[in-house]
Every structure is written in structure tokens, then in C-alpha cells.
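# model the following, please.
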Amino acid sequence: MRHARAVAWEGQLKQVFDRIDHALEDKYGHLYPLHPSRPDRGDTSNPESDGLFNVGASFTAGYGSEHGPGYVVEVVISTLQRVPRDVEERIDEEVVTLLREELTKQFPGRTLHVSRDGQVYKIHGDLSLGEL
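Sure thing, here's the model as predicted:
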């Protein structure tokens, strides 16, 4: 069982990722054919389950990380076609830019950072749930 404030926090974070997913679909969704088992954009009620992109994050306690606990950002491109590394990097950079903007809007007054942590990007900073 999870604390209601943790569920609410992650719900707000999902809204951020859904908006980023839509922006990526608008810009890049036509560039690559979908994986054959992937529904077309808008065919499901959840943007992470359809279209070319699945953008989200998973919590990590941050052991061994210079940034400590946070959310590791994941960008999955659902295609069987090879995506050139430079395109993947451009998309990752765009996700980071959009994420910084959206986090500021979604969580005003919080100090949240998006930083490279080894081979991945991580959201870290004020992850507190407030008064419990």
C-alpha cells in the first residue's frame, strides 16, 4: 500500500510526461513506423501505451548516485527500425528541456533538477511529500 501523497505526486509527474509524450508525437511521430504490436497514437486512453513514444520515469533510491534519490527518465521509441544515435540524443535533449519547463509549471515552488546521472537522466531535488 502506498501513501496517498506519493500517489498524488506520481500522478502529477505522469501528467508532465503525458504532455511531453504529446509534444514528441507531434514532432517526431511520423518519422518511424510503429512496432507492429504497438497501437496507433490515441487508440488507448494512456499516451504511454500507444504511438511511437513511451516517456516516463521510475523511482530510484539513488545508492551509488552523485544525485541521490530521484526518478530515472526513460524514453522508449517503439519501432523496429534502427533510430540513429544522433536522433536519439536530440530527442533526449528535447525531453530534458521540456521536462525542466514542465516540472516548474507542475510543481511551483519546488527545487527540482534534471541532470545526467551516468548514462541516464534523473529528476532529483525536493521530492518531499510535505507534512505527513
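# need the longest helix for this structure.
helix 4-28 (DSSP state H).
# grab the nearest non-local neighbour of the residue nearest in space to the middle of the chain.
Centroid check for the chain by CA atoms, centre = their mean gives G56 as the closest residue, at 3.2 Å. Counting by CB to CB, 6 or more residues apart in numbering, F17 is the residue found nearest to G56 once chain neighbours are left out, at 5.1 Å. Placement of C-beta: from N, CA and C, glycine included.
# one more: R110?
Nearest to R110 is D126, by CB to CB, 6+ apart, at 4.5 Å.
# I figured that neighbour was touching L112, is that so?
Yes - using CB atoms under 8 Å, D126 makes contact with L112 at a distance of 6.2 Å.
# which of the two has more neighbours?
Neighbour count, other CB atoms under 10 Å: between D126 and L112, L112 has more, with 18 against 10.
# so who does that one touch?
103-104, 123-127 (CB atoms under 8 Å, 6 or more residues apart in numbering).
# hmm, 7 Å instead?
Counting by CB atoms under 7 Å, 6 or more residues apart in numbering, L112 touches 103, 123, 125-126.
# buried ones among the residues you listed?
103, 123, 125 (16 or more other CB atoms under 10 Å).
# tell me the one among these nearest to V72.
Using CB to CB, I123 is the member of the buried ones among the contacts of L112 that lies nearest V72, at 8.2 Å.
# quick one: strands adjacent to the helix or strand harbouring that closest one?
Here I123, judged by DSSP states H and E, is contained in strand 120-125. Next to strand 120-125 in the sheet, as set by DSSP bridges, lie strand 70-77 (antiparallel), strand 112-117 (antiparallel).
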